[in-house]
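> Structure here, sequence nowhere to be found:
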C-alpha cells in the first residue's frame, strides 16, 4: 500500500521549499542604487542595490537606474537601452586602470537609447583609468551624455569604436585631463554623428579627434588649454555653430578638411 503523506506534512514540505529557494526578482522599469545598498536586494527604492552593474541586471530594457546618494557605484557595461541618473547626487564611478562605462548594444530589436545623466567619472589612480565612456555597439545606438563630468584618463574621455551607426549628444558636460577629449574612430564600416553643446574640453593632448566618415557638430562649447584643439582625418569633419570658443591651445588651427566657423 503506498505511503500517504498527511496534509500537514505536505504543507510543511512546500513551505520549506519556498524558504530554501533563491529569490527571483522581476525586471523593473526603475531600479535604485545606494552607497549603503546591497547587490542581493531587488534594487527597489526601499531595498536598493550597491552597484550600477547589479541594478542593470534587474532593470528592464528602456528602464532607469537612479542613485539615492553620492557614492561610487562601480564600472558598468551597458548592453540594452537604459538611463543612468544621479540627479541630486552626482553619483560617481571611479575607474582606475579600466573604462568607466562601456556601451555595447547588440540587439537591434531592443530599445537603443542610452542616457547618462548627472554623473561623475574619475579615472584618478595608479594606473589612470583608460576611457571614461566607450561605445562599441554593433547595432544602431543613440547615446545622450547630459551633465556628466569626465576626468583623468590615459586614452580618452569619450571614445567611439562602434561598428554600426551611432548618434551621440553631449550637453552641459566637462571633459578634463584626458589624453583625448572626444575620440571618434568607428570601425568595420561604423559611422558616428556627435553633437556637443554647452560643454568644456580642456587639459587634453587633443581636444577632439575624428576619423572615417563621421561628423562632430559644436555649439556653445569651449575648447581650451589643450596641446591641440582638433585633429581631423579626411573625409571626417568638424562643424562649428553658435558661440564656440577655440582658444588658449598650443595649436588652435585645424586641417583644411574641417568645416569651421568662429
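Everything's here; your move. Just so it is clear, the model here is predicted, and its values are computed rather than measured. Residues are numbered from 1 along each chain as shown.
> can you count the residues close to residue 234?
12 (other CB atoms under 10 Å). Heads up, the C-betas are built off the backbone N, CA and C, glycines and all.
> Relative to residue 211, how far out is it?
Residue 234 sits 9 Å away from residue 211, going by CB to CB, to the nearest Å.
> what residue is smack in the middle of the protein?
residue 101 (4.4 Å; CA atoms, centre = their mean).
> pLDDT wise, what is it at?
Here, the pLDDT recorded for residue 101 equals 98.
> these two touch, right, it and residue 133?
Yes: with contact defined as CB atoms under 8 Å, residue 101 reaches residue 133; the gap is 4.8 Å.
> Can you show me the helices along this protein?
Per DSSP state H, the chain carries helices over the ranges 7-20, 52-57.
> rank these by mean pLDDT and give me the bottom one.
helix 7-20 (a mean of 46).
> any idea where the strands of the stretch 101-250 of the chain begin and end?
Applying DSSP state E, counting those that start in this stretch to the stretch 101-250 of the chain gives strands spanning 101-103, 113-122, 129-135, 141-160, 166-171, 174-184, 192-197, 200-202, 206-210, 215-219, 222-224, 228-232, 237-241, 245-247.
> Relative to residue 87, which of the ones you listed is closest?
strand 113-122 (4.8 Å; CB to CB).
> So what's the gap between the closest one and the chain middle?
5 Å (CA atoms, centre = their mean, to the nearest Å).
> go on, stretch 57-64?
The answer for stretch 57-64 is 15 Å, by CA atoms, centre = their mean.
> which residues touch it?
25, 27-31, 42-43, 49, 65, 80-85, 110-111, 113 (CB atoms under 8 Å, 6 or more residues apart in numbering).
> PyMOL command for the buried members of those?
This is how PyMOL selects the buried members of the contacts of stretch 57-64, with burial counted by 16 or more other CB atoms under 10 Å:
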select buried, resi 28+30+31+42+43+49+65+80+81+82+83+84+85
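> so of the contacts of stretch 57-64, which ones are in strands?
28, 29, 30, 31, 65, 83, 84, 85, 113 (DSSP state E).
> Switch the residues you listed over to CSV; also include pLDDT.
As requested, the ones in strands among the contacts of stretch 57-64 are exported to CSV (pLDDT from 0 to 100):
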residue, pLDDT
28, 92
29, 96
30, 97
31, 98
65, 98
83, 98
84, 98
85, 98
113, 98
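> now, which of the residues you listed sits nearest residue 206?
residue 84 (27.0 Å).
> Could you find the closest non-adjacent residue to residue 71?
Spatial nearest neighbour of residue 71, excluding adjacent residues (CB to CB, 6 or more residues apart in numbering): residue 35 at 2.8 Å.
> Any regions of the stretch 1-150 of the chain where pLDDT drops low?
Scanning the stretch 1-150 of the chain for pLDDT under 70 picks out the ranges 1-26.
> ok, 90 please
Scanning the stretch 1-150 of the chain for pLDDT under 90 picks out the ranges 1-27, 90.
> Greatest separation within the ones in strands among the contacts of stretch 57-64: which pair is it?
Distances among those were taken as CB to CB; the most separated pair is 28 and 113, at 18.2 Å.
> quick one: common contacting residues for residue 101 and residue 133?
In contact with both residue 101 and residue 133: 116, 121, using CB under 8 Å, 6+ apart.
> Residue 187 against residue 163, yeah?
Yes: Residue 187 is in contact with residue 163 according to CB under 8 Å; the separation is 5.7 Å.
> These two: which is more packed in?
Per other CB under 10 Å, whichever of residue 187 and residue 163 has more neighbours is residue 163, with 15 against 12.
> Excluding chain neighbours, what is closest to the more buried one?
residue 188 (3.8 Å).
> Could you report the separation of that neighbour from residue 132?
23 Å.
> Could you pull up the contacting residues of residue 53?
Residue 53 makes contact with 74, 75, 76, 77, according to CB under 8 Å, 6+ apart.
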